[in-house]
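*Asks:* Turn this into a model:
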Amino acid sequence: MLPDLTFYAAAVPAVVLVGLTKGGMGGALALLGVPIMTFVVDPATAAAILLPILVVMDVVALFSWRHNTHWPTLLYLMPGALIGTALGWYTFSTVPFDLTRLLVGGVTVIFAGKYFFDMLRPGDKREKPPAGQRPVAGTVWGAVAGYTSFISHSGGPPYQIYTLPLKLDPRSYTGASVRFFAIINFIKLFPYYQLGELKAPNLIASASLLPFAVVSTVIGALVIKRMRMDVFYPFMYAMAFLAGLKLMVDGL
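*Replies:* Sure thing, here's the model as predicted:
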């Protein structure tokens, strides 16, 4: 049986916001998905309903960005991400969710805030060169992204902390992001099933929301593909800053 209209009043906006993010519009919108849905269901159920939807969004996003990616970035991040995902599965029943959100959110706010401070302060305005790939940093932030993605679908901020300083072409950046989270979400399906969260009622609710998921993901991709680089990076840092604030509020 399908959920009632009260459920859809919260779930549809949540899915649309997540879909815009999945299309490439930045992590802050995605972090609103689970909290909005918790107005009508408990957090664990909200996360379980969203996971199959995220996987479908990933398929749409992978098609939209099939010609764009940055493989070196993925190679540096994925080993840590797999470790973080496994750790999230292992500690899911005992993890200090609030402390994790508060710490990750605080670091993200400082990271993004420094970008805007450097951009707005008087003095030397020469643009910093792109950061190089850093094996240790890639492993650490990949692990944090995998861990927070597993426990609360909030892997975007730690992912951005590593990838934004690389200053990739916007399409390459977005294509790499899409592939990174698609891999993680596909991996998360089995642990979520083992934890008993992918129940029939949740899957029915997920299926009923898929049209909104597909359309919003396509719209997000179309917007980003038309965005200039000098607009793209301030926009992404702003999304990271807002995402960090949201995580801090959730952790308090």
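*Asks:* CA atoms for contacts and neighbours, from now on please.
*Replies:* Will do.
*Asks:* Quick one: neighbours of Met239, just the number.
*Replies:* Met239: 22 surrounding residues under other Cα atoms under 10 Å.
*Asks:* gap between it and Leu168?
*Replies:* Distance, Met239 to Leu168, using Cα to Cα, to the nearest Å: 17 Å.
*Asks:* What is the least confident helix or strand in this structure?
*Replies:* Least confident helix or strand of the chain, by mean pLDDT, DSSP states H and E, is helix 27-30 with a mean of 64.
*Asks:* Quick check: which ranges of this structure have low pLDDT?
*Replies:* For the chain, the stretches with pLDDT under 70 are 1-2, 25-31, 122-127.
*Asks:* which residue ranges form the helices in it?
*Replies:* Applying DSSP state H to the chain gives helices spanning 5-20, 27-30, 33-37, 43-64, 71-90, 97-120, 135-152, 156-163, 170-194, 200-208, 210-225, 229-251.
*Asks:* wait, which of the ones you listed is closest to Lys128?
*Replies:* The minimum distance between Lys128 and the helices of the chain falls on helix 97-120, with 10.0 Å, by Cα to Cα.
*Asks:* packing partners for the closest one?
*Replies:* Judged by 3 or more Cα pairs under 8 Å, 6 or more residues apart in numbering; DSSP states H and E, helix 97-120 is in contact with helix 156-163, helix 229-251.
*Asks:* quick one: the residue most central in space within the chain and Phe63, what's the gap?
*Replies:* Most central in the chain under Cα atoms, centre = their mean is Gly156, positioned 3.5 Å from the mean C-alpha point. The spacing between Gly156 and Phe63, counted by Cα to Cα, is 20 Å.
*Asks:* just Phe235 next, same as before
*Replies:* According to Cα to Cα, Phe235 stands 23 Å off from Phe63.
*Asks:* do the same with Met239
*Replies:* 24 Å.
*Asks:* Excluding chain neighbours, what is closest to Asp58?
*Replies:* Spatially, and ignoring its direct neighbours in sequence, Asp58 is nearest to Ala182 (5.2 Å; Cα to Cα, 6 or more residues apart in numbering).
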